[in-house]
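Novice: Prediction below, plus the sequence it came from.
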Amino acid sequence: VGICLVGSLGRSSKRWLTRSRARSSRDARWQCQDSVEADRPRSARPVRYTPGSLESFRIRMPSVGELSQVLVEHKGLKEEEAWFLHHVTVRDTHTGQAWRCDCQQWLSLHHTDCKLSRTLSAKPFRPKQSQAAQQSPAPPPPMEYSVSVHTSNVRGAGTDANVFLTLKGTQASSPKTHPAGCRFERGSVESARVVCDGDLGELRAVVLEHDNTGFGPAWLPSKVVVCGPTLPGEG
């Protein structure tokens, strides 16, 4: 995973988050490697980002001032290397200032908009230091729903437009999702993954819509099948 900080005083070089090659596991520490090149340094040992994990790194660099953006990327080309990033927090150890950058999106060539990099907006926040705050329950993990969309097998049923879907439950609604790479042709069954910030509760409705673009935007879907929820990467 590579990261770049952008602030009022400029922009940092890209830093690759890696694990040092220590003599023993006890001496192993998380570090950052500076890289001007586009590719990850060959000597880097990548970090395993498992579902629900929290990894911390210490980066030494000139101050970028008031943080405005964090650029995150990775080089996972395979589907099993897909990564769902919840958020990034950055703290200046000299000033004590801290920022939170929410993502809640996939970095993957096989999910949603098929991107391996994200530009995250930074918002100042105060880390909770009290013991009571440290013992407060963690926010619910993101959940993933598997959605299969069936298009009718009649003449003109398929669409050339961009299709979007939204799941509505008793507790919340999913973000509007564009199933990238899906072709809603006549008689087709297309599958998509919808990632939500927590469980939606009992499913009440599925909203299908399109942007009315393309040569033949008209569409006749026959049914939608929803499975889940599961943790991202488990289903």
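Specialist: Great, that's in hand. Because the structure is a prediction, the values reported are computed rather than measured. Numbers count the residues shown, from 1 in each chain.
Novice: only C-alpha atoms for contact and neighbour calcs from this point on.
Specialist: Will do.
Novice: The helix or strand residue 68 falls within: how far from the chain's middle?
Specialist: Under the criterion of DSSP states H and E, residue 68 resides in strand 67-73. With CA atoms, centre = their mean, to the nearest Å as the basis, strand 67-73 stands 14 Å off its chain's centre.
Novice: what about the residue in the chain sticking out farthest from the centre, distance to residue 162?
Specialist: Distance from the centre of the chain peaks at residue 155, with 37.7 Å (CA atoms, centre = their mean). Counting by CA to CA, to the nearest Å, the separation of residue 155 from residue 162 is 19 Å.
Novice: Could you spell out the sheet neighbours of the strand holding residue 68, each with its direction?
Specialist: Here strand 67-73 is paired, per DSSP bridges, with strand 2-7 (antiparallel), strand 117-121 (antiparallel).
Novice: where do the helices sit along this structure?
Specialist: Along the chain, counting by DSSP state H, helices occupy 131-134.
Novice: which other residues reach the strand holding residue 68?
Specialist: Strand 67-73 is contacted from outside by 1-8, 99, 101, 107, 116-123, using CA atoms under 8 Å, 6 or more residues apart in numbering.
Novice: Surely the residue farthest from the centre of the chain is in contact with residue 186?
Specialist: Yes - counting by CA atoms under 8 Å, residue 155 does reach residue 186; the two are 7.2 Å apart.
Novice: ok so, going back, could you give me the average pLDDT of the strand holding residue 68?
Specialist: If you average the pLDDT over strand 67-73, you get 95.
Novice: Output that strand in PDB with nothing but the alpha carbons.
Specialist: Written as PDB, here are the backbone C-alpha positions of strand 67-73 (Å, rounded to 0.1, in the frame of the first residue of the first chain):
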ATOM      1  CA  LEU A  67      -3.700  18.300   5.900                       C
ATOM      2  CA  SER A  68      -6.300  18.500   3.100                       C
ATOM      3  CA  GLN A  69      -6.000  15.100   1.300                       C
ATOM      4  CA  VAL A  70      -4.500  11.700   1.600                       C
ATOM      5  CA  LEU A  71      -3.800   9.700  -1.600                       C
ATOM      6  CA  VAL A  72      -3.900   5.900  -1.000                       C
ATOM      7  CA  GLU A  73      -3.200   3.200  -3.600                       C
END
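Novice: Going forward, count from 20.
Specialist: I'll keep to 20 as the first residue from here, and by that count the last item is strand 86-92.
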